[in-house]
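A.B. asks: need a structure here:
(one chain, ligands or ions: 1)
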Amino acid sequence: MNAPETFVTQPTPGISTLVQAQVESLAGEYQLQIENFQFSENSQLLENLLTQELHGLSHLRITRCICLGLGRFTPSESRWQGDTAEARIAQCRAVMEQLVLLTMVLDVLKKVHPIHEVFFQDPLFTQVDSLFLESLGFTVLQSPEALRELDATTFVFAPYPPNVVVADVFKTCSPALYIGADLTTVQGGNMEEGALSEAARARRLEVFGPVSIYDQSALMKIMPLFDGYHWSRGLCLYWLQ
Ligand SMILES: C[S@@+](CC[C@H](N)C(=O)[O-])C[C@H]1O[C@@H](n2cnc3c(N)ncnc32)[C@H](O)[C@@H]1O
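C.D. replies: Numbering: from 1, shown residues only. Presented below is the predicted three-dimensional model:
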């Protein structure tokens with residue numbers, strides 16, 4: 001896999017030195033993880049999977065990417081019941097790993113697709129998170145602006161946002177490519193019809209109407225299992241055939 005572009009953070013007028021230092025620290029961690037990933041067997045596995053499954057599909061055209069629900073890069077002050085400091089740090093590490101995975105996927109896709117815009121949306125992003133992502137050349141949007149950017153040439157990367165957000169994507173349009181939770185689990189999709197409440201049945205219909213075109217015309221592949229990338233085990237890859 002080729003080395004992805006390297007971005008250098010520049011001092012931003014009006015941004016405090018503390019914020020700037022935090023952004024630079026995230027940029028350093030990101031660069032380190034990119035290098036680790038590039039030299040791992042997983043990098044080759046990922047490139048093989050994407051090349052083998054997607055590069056031959058002449059009808060598939062991807063021009064933009066939208067990332068939904070990436071999460072915060074630094075632990076928040078508020079704690080859930082039973083939440084430990086270690087768990088919160090591990091959670092932030094997973095968020096950085098997810099960004100690294102997205103970067104590597106984009107790196108492979110850009111070899112054949114003219115992807116010019118990459119948008120991020122997560123209501124939890126802090127100023128540091130947004131500045132860090134912007135320093136990498138990405139655009140951060142306020143919810144629900146990302147939905148307005150969706151079209152049939154979009155690659156949606158959705159590492160576990162709420163199901164209702166995934167449902168809104170598929171209700172808006174059918175993106176060319178989707179990496180995220182197994183769509184059959186979205187909105188209780190793996191439950192028996194009879195076990196669903198009236199409201200849940202209505203929500204399922206809303207989601208599975210649009211999603212069903214993927215059931216009929218798209219293949220689903222589990223992403224390669226990354227050592228230590230526990231969160232990636234549930235990620236699936238869907239594309240329009
Ligand atoms: C379960 S967390 C996933 C975080 C991280 N990607 C992970 O795998 O650990 C769900 C994330 O979705 C975000 N989220 C909630 N509503 C959203 C929306 N409308 N658009 C995008 N992200 C949203 C939350 O703020 C949160 O960061």
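A.B. asks: going forward, measure contacts between C-alpha atoms and count neighbours the same way
C.D. replies: Fine.
A.B. asks: where does the chain have its least confident helix or strand?
C.D. replies: helix 198-217 (a mean of 59; mean pLDDT, DSSP states H and E).
A.B. asks: Over to the nearest residue to residue 126 once chain neighbours are set aside. Which of the three states is it?
C.D. replies: For residue 126, ignoring the flanking residues on the chain, the nearest one in space by Cα to Cα, 6 or more residues apart in numbering is residue 72 at 7.1 Å. Following DSSP: H, G, I helix; E, B strand; the rest coil, residue 72 is assigned to coil.
A.B. asks: With residue 147 as the reference, measure out to residue 72.
C.D. replies: 20 Å (Cα to Cα, to the nearest Å).
A.B. asks: Between the two, which is the more surrounded one?
C.D. replies: residue 72 (21 against 17; other Cα atoms under 10 Å).
A.B. asks: OK, contacts around the more buried one?
C.D. replies: 92, 95, 124, 125, 126, 129 (Cα atoms under 8 Å, 6 or more residues apart in numbering).
A.B. asks: Point out where the chain drops to low pLDDT.
C.D. replies: 1-12, 78-82, 186-196, 199-220, 225-230 (pLDDT under 70).
A.B. asks: Quick check, central residue of it?
C.D. replies: residue 157 (3.1 Å; Cα atoms, centre = their mean).
A.B. asks: Which helix or which strand is home to it?
C.D. replies: strand 154-158 (DSSP states H and E).
A.B. asks: and the helix or strand containing residue 168 with strand 154-158, angle?
C.D. replies: Per DSSP H and E, residue 168 falls inside helix 163-172. Using axes from the mean of the first three to the mean of the last three Cα atoms, to 10 degrees, the direction of helix 163-172 lies 170 degrees away from that of strand 154-158.
A.B. asks: The helix or strand containing residue 236: which residues count as buried?
C.D. replies: Here residue 236 is covered by strand 235-239, with elements defined by DSSP H and E. Neighbour-count burial for strand 235-239 flags 235, 236, 237, 238, 239 (criterion: 16 or more other Cα atoms under 10 Å).
A.B. asks: Up against the ligand, what does this structure have?
C.D. replies: 68-71, 91, 94-95, 121-124, 143-144, 159-162, 165 (Cα under 6 Å from any ligand atom).
A.B. asks: Filter these down to just the buried residues.
C.D. replies: Of the residues of the chain next to the ligand, these count as buried by 16+ other Cα under 10 Å: 68-71, 91, 94-95, 121-122, 159-161, 165.
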